[in-house]
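Q: Curious how this folds, go ahead:
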Amino acid sequence: MVNMNEVVEALRKIEEKYKLFQQQQFTFIRALERTREEAHDLIRPVSSIVQVQCYKDHHCYNSTDRRILNMFISICNELRCLCQRMETVHPGDSVTNGLLEKCKVLLNDSNDLSALRATYPHPVVNYLSLEEARHRYGGVVSILPIVIDNMKEWVTYSKRHLLPNVSGAHAVAKEETPPSKRAPAGLSAAQTSNSNKNTVQLQDRQCQMCKYEDPRLGKKAPWRPPGKHPY
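A: Numbering: from 1, shown residues only. This next block holds a predicted model:
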């Protein structure tokens, strides 16, 4: 069974990979344009993941184009696998199950992406220069940020509402000593008193064993009446 920490770490790595992909969006669009031209498919928009896969497999003759198209497909596959892993973390409720279902639909190979548009704070659609380009590629550049946002929302909601917050309780438990291991206050005081008595008795025994007598204690001064006395 997958735990939440594994999901968070996997999503973080995918998001880092997507950021690298996003920085190369212009290269991605150029690769789609060239492969669509090779496929004589310049009219219809790029509307599905399987369409990108087809361009790469059958109409791509440039190593740079193949690399960036592979990167897009790889991220889609990783998100699809992560979506399946997230289903095993907890049973979920209507909110989390709805988010995962939306991700699964979007990541379906043949799902129509042509009407999909990422909005603020994602500028991917705005990076497309012309309205015609936005019509052709707006959906395919929007799928990744939208799916990643839905997965991050799933993580946030799950931590807040569905998973027990054991980390805080664990930290408190470590700081506090269990009551069973604490010494009662009365017992501690008694132990201190007994220790003092034992010390006094030991000193008495040592004095009795010692034969030395202080000469100042052997002679007592004679009694004198109160008053001033000359030395």
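Q: what's the helix or strand for R67?
A: Per DSSP states H and E: R67 is located in helix 63-86.
Q: Buried ones in the helix or strand just after that helix, by neighbour count?
A: Note on helix 63-86: by DSSP H and E, the next helix or strand toward the C-terminus is helix 94-106. For helix 94-106, a neighbour-count test (16 or more other C-beta atoms under 10 Å) marks T96, L99, L100, K102, C103, K104, L106 as buried. Every residue, glycine included, has its C-beta placed from N, CA and C.
Q: Helices along the protein, start to end?
A: 4-22, 25-38, 49-59, 63-86, 94-106, 131-137, 143-157, 166-175, 185-209, 215-218 (DSSP state H).
Q: TSV for those helices, including mean pLDDT and distance to D112?
A: Below are those laid out as TSV (pLDDT from 0 to 100; distance: least, C-beta to C-beta, whole Å):
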stretch	mean pLDDT	distance to D112
helix 4-22	96	22
helix 25-38	96	17
helix 49-59	97	10
helix 63-86	97	15
helix 94-106	96	10
helix 131-137	84	14
helix 143-157	97	11
helix 166-175	39	43
helix 185-209	48	74
helix 215-218	46	112
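Q: quick one, what contacts L32?
A: L32 sits next to V46, V52, Y55, L69, Y137, V140 when contact means C-beta atoms under 8 Å, 6 or more residues apart in numbering.
Q: give me that answer again for 7 Å
A: Applying C-beta atoms under 7 Å, 6 or more residues apart in numbering, we find L32 in contact with V46, Y55, Y137.
Q: Let's see if you can find the most crowded of those residues.
A: With neighbours defined as other C-beta atoms under 10 Å, the most crowded of the contacts of L32 is Y137; it has 24 neighbours.
Q: Please report how far that residue lies from G98.
A: To G98, Y137 is 28 Å away according to C-beta to C-beta, to the nearest Å.
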